[in-house]
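K.L.:
could you look at this predicted model? Sequence included:
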Amino acid sequence: MPYEVKIDAFEGPLDLLLHLINGLEIDIYDIPVAQITEQYLMYIKTMNELKLDVASEFLVMAATLLVIKSKMLLPKHEEIQDLEDPEMIFEEDPRDELVERLIEYRKYKEAAQDLKSMEVERGLMYTKPPSDLSEFAKEKQPEKTDMNVSLYDMLAAFQKLLRRKKLQRPMTTKVTRQEISIETRMTEIMGELNQVNGRTNFNDLFPYPTKDHIVVTFLAVLELIKRKEIDAEQQENFGDIYVKAVTVKEGAEMIGHH
Amino acid sequence: MDIINWNSILESLLFAAGDEGLSLKQVAEVLEVNELKAYEIIEDLKKDYDSDNKRGIMMVQLAGTYQLATKKENASYLKKLVDSPHTSTLSQAALETLAIIAYKQPITRAEIEEIRGVKTERPLHTLMAKALIKEVGRAEGTGRAYLYGTTKEFLDYFGLKSIEELPQLPEKAEDEFIQEEADLFFEKFNETINS
Amino acid sequence: MDIINWNSILESLLFAAGDEGLSLKQVAEVLEVNELKAYEIIEDLKKDYDSDNKRGIMMVQLAGTYQLATKKENASYLKKLVDSPHTSTLSQAALETLAIIAYKQPITRAEIEEIRGVKTERPLHTLMAKALIKEVGRAEGTGRAYLYGTTKEFLDYFGLKSIEELPQLPEKAEDEFIQEEADLFFEKFNETINS
């Protein structure tokens, strides 16, 4: 059963890349390709392991990143220097095309944010339907002339109606979403691990087939790995992943990460 | 000292409620005051409308609800608005009604009015006169109200081969669900990554 | 001396027009004044709404028409009246697609997908069904792909007077310029250090 959650979390490979670049707080014009590629691939891999549906665009981008990475390792043949005119220093950077795409995409991603806030702002205003003015109309048959409206006009009218939120008696109850926090799930996972002598099959950590639960569990595992409270191991490629608790010796120094 | 601007809030509420109006009880509930206070606020706004001749709206009490309506003395201008040549194309009211019929046919006038929240006699009249809709039968039960549906002219006019060719309405519920899930994931993912 | 109560009449007209709104031309026609005078009357009423905090409605200009709407500060009370507290908003995918169309219209689906780096069929569908975009023509060349553009409903949905009111897109050229400057500076800096 493929989950599209993941794909929707990032709008596409460009969105994911922007996210990784922002996370590293690096200059978009000087992307450390090796590092970004590694993170990108790790992300795709985890998604595969979770059997989340990875759209083909993500894989195409992975290939592109690998090509750029290898080009970066080549000596720069194409560097042409015209010493008389420093403006003419021409160096083809294998990253150029990608950077340009990222910048172009980022522009519209930001514009989408603007639209989002305009949408919210507009949502604060309520309008009313046109009044029924039949009492003011003369009894005459409307002529069957050119109405000059299109299907879009009809659709737009309908959307307007839907938007003009229907008002009714105040509701007292609101449905609240049952949320499991990552923290809670982390504690649960550590508990589960202790019950099975500290080691379990990764897949066994996902007993509930709900998207929420899977996503939260996955992130809880990531966080636990980051905090070095658990370790993940895989015997062979494509083999099952096992998760085990890292036992901390009594009195061990936990200061500093390295 | 009243810091809350009751007049302004009540006017907003009545304006948005349109022809459906609001009962005293509803006003009290939304404003979170008792009914006596709600009544005072209503009377206060009503007096404002009546005493200020720069206002073109007034408050009326109809079928147990309070509603806003245009002042009678401006009726001649409303008549001109109805007759204005610019309103000769299909009005928003007519288009809305047409869309509801197209997507929900066969449907009665009462059902259309339930959806729109306003009287729909005139738009139905216009649409019938333009041959875009017709009576297609009678509903079961008491009253045996007319059922409306679209016509062949409707399809011709909008260049549709059949009614199935109408653009699909977005599955609102589904869209929202996916978006919520995505938001949740993204939020959690960020929490983890950035922590 | 003005015996005619323009404010009152205009308020009646706008109230009756609802979210269909009235154009400047319509106002002038119905009031039987020229457009300049109509504009003055409109501005006058608008000022009244804005300056009087006892009023709960205001005048907005949406997609080329004047309309009445509730004041934003009363939104929390109005929300209590709305049956679904969860208002359906556009997904991130739809917003991105819409942003690209709004700034680059007319534009084909392939061009949009080129920018976003993902398939865009579904968001386009949603946007069409919500009447926020429409097909505005066909591209030249093989395939003759559809070109998309925004609609009047788009303006209304985002509270815009006209398409020109869209916030300006961050200028790519400027970005590059700054980067070039930085590069140049760095180069010079290195030259100095190493010489």
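P.N.:
Arrived safely.

K.L.:
please make it C-alpha for all contacts and neighbour counts, starting now.
P.N.:
Fine.

K.L.:
what values do phi and psi take at residue 26?
P.N.:
No chain in the question, so chain A it is. Per-residue torsions, residue A:26: phi -120, psi 160 (degrees, to the nearest 10).

K.L.:
same question, residue A:245
P.N.:
As for residue A:245, its main-chain torsions (degrees, to the nearest 10) stand at phi -80, psi 140.

K.L.:
quick check, pLDDT for it.
P.N.:
Residue A:245 carries a pLDDT value of 84.

K.L.:
let me know the secondary structure of the closest residue to residue A:29 other than its chain neighbours.
P.N.:
Among residues not flanking residue A:29 along the chain, residue A:99 sits closest, at 6.4 Å (C-alpha to C-alpha, 6 or more residues apart in numbering or on different chains). For residue A:99, the secondary-structure state derived from DSSP: H, G, I helix; E, B strand; the rest coil is helix.

K.L.:
what are the boundaries of the strands in chain B?
P.N.:
B:57-62, B:65-70, B:107-108, B:133-138, B:146-150 (DSSP state E).

K.L.:
out of those, flag the one nearest residue A:61.
P.N.:
Proximity to residue A:61 (C-alpha to C-alpha) singles out strand B:146-150 among the strands of chain B, at 49.1 Å.

K.L.:
and the closest one, which strands flank it?
P.N.:
strand B:107-108 (antiparallel), strand B:133-138 (antiparallel) (DSSP bridges).

K.L.:
from the chain's centre, how far out does it sit?
P.N.:
Centroid displacement of strand B:146-150 relative to its chain, using C-alpha atoms, centre = their mean, to the nearest Å, is 20 Å.

K.L.:
using CSV, write down the CA coordinates of that strand.
P.N.:
Provided in CSV are the C-alpha atoms of strand B:146-150 (Å, rounded to 0.1, in the frame of the first residue of the first chain):
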residue,chain,number,x,y,z
TYR,B,146,-41.7,20.7,-9.3
LEU,B,147,-38.3,19.1,-10.0
TYR,B,148,-35.9,21.1,-12.2
GLY,B,149,-33.3,19.9,-14.6
THR,B,150,-31.1,21.3,-17.4
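
K.L.:
list the buried residues of it.
P.N.:
B:146-150 (16 or more other C-alpha atoms under 10 Å in any protein chain shown).

K.L.:
mind putting those residues in a markdown table, pLDDT included?
P.N.:
A markdown table is the format used below for the buried residues of strand B:146-150 (pLDDT from 0 to 100):
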| residue | pLDDT |
| --- | --- |
| B:146 | 90 |
| B:147 | 93 |
| B:148 | 94 |
| B:149 | 94 |
| B:150 | 92 |
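
K.L.:
if you skip the residues just before and after it, what's nearest to whichever residue of chain A sits closest to chain C?
P.N.:
Nearest residue of chain A to chain C: residue A:130, at 4.0 Å (C-alpha to the nearest C-alpha). Nearest residue to residue A:130, sequence neighbours excluded (C-alpha to C-alpha, 6+ apart): residue C:18, at 4.0 Å.

K.L.:
how about the helices of chain B, start to end?
P.N.:
Using DSSP state H, the helices of chain B run over B:6-17, B:24-31, B:35-51, B:75-83, B:92-104, B:109-116, B:121-129, B:152-157, B:172-194.

K.L.:
before we move on, what about chain A?
P.N.:
Here chain A has its helices, by DSSP H, at A:5-9, A:13-24, A:33-49, A:56-73, A:96-122, A:151-163, A:182-195, A:211-226.

K.L.:
picking that back up, quick one: which of the buried residues of strand B:146-150 is nearest to chain C?
P.N.:
Looking across the buried residues of strand B:146-150 and measuring by C-alpha to the nearest C-alpha, the closest to chain C is residue B:150, at 19.4 Å.

K.L.:
would you turn the helices of chain A into CSV with mean neighbour count and mean pLDDT?
P.N.:
Output for the helices of chain A, formatted as CSV (neighbours: other C-alpha atoms under 10 Å in any protein chain shown; pLDDT from 0 to 100):
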stretch, mean neighbour count, mean pLDDT
helix A:5-9, 20, 45
helix A:13-24, 17, 88
helix A:33-49, 15, 84
helix A:56-73, 15, 89
helix A:96-122, 17, 92
helix A:151-163, 22, 73
helix A:182-195, 16, 84
helix A:211-226, 20, 71
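
K.L.:
put together a markdown table for these, with distance to residue C:80 on each row.
P.N.:
Compiled in a markdown table, the helices of chain A are given as follows (distance: least, C-alpha to C-alpha, whole Å):
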| stretch | distance to residue C:80 |
| --- | --- |
| helix A:5-9 | 31 |
| helix A:13-24 | 37 |
| helix A:33-49 | 41 |
| helix A:56-73 | 43 |
| helix A:96-122 | 17 |
| helix A:151-163 | 16 |
| helix A:182-195 | 32 |
| helix A:211-226 | 29 |
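
K.L.:
can you say which of these is nearest to residue B:99?
P.N.:
Nearest to residue B:99, of all these, is helix A:151-163, at 5.9 Å by C-alpha to C-alpha.

K.L.:
send me the closest one as CSV with only the CA atoms.
P.N.:
Coordinates of each C-alpha in helix A:151-163 appear next as CSV, following Å, rounded to 0.1, in the frame of the first residue of the first chain:
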residue,chain,number,x,y,z
LEU,A,151,-19.1,27.7,-18.4
TYR,A,152,-16.4,29.3,-16.3
ASP,A,153,-18.8,32.0,-15.2
MET,A,154,-21.2,29.4,-14.0
LEU,A,155,-18.5,27.5,-12.2
ALA,A,156,-17.2,30.7,-10.6
ALA,A,157,-20.7,31.6,-9.4
PHE,A,158,-21.0,28.2,-7.8
GLN,A,159,-17.6,28.5,-6.1
LYS,A,160,-18.6,31.9,-4.8
LEU,A,161,-21.7,30.3,-3.3
LEU,A,162,-19.6,27.6,-1.6
ARG,A,163,-17.2,30.2,-0.4
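
K.L.:
for residue B:24, give me its contacts.
P.N.:
B:35, B:38-39, B:65-66 (C-alpha atoms under 8 Å, 6 or more residues apart in numbering or on different chains).

K.L.:
which PyMOL command selects the buried ones in the residues you listed?
P.N.:
Under the burial definition 16+ other C-alpha under 10 Å, those of the contacts of residue B:24 that qualify are selected in PyMOL by:
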select buried, chain B and resi 35+38+65+66
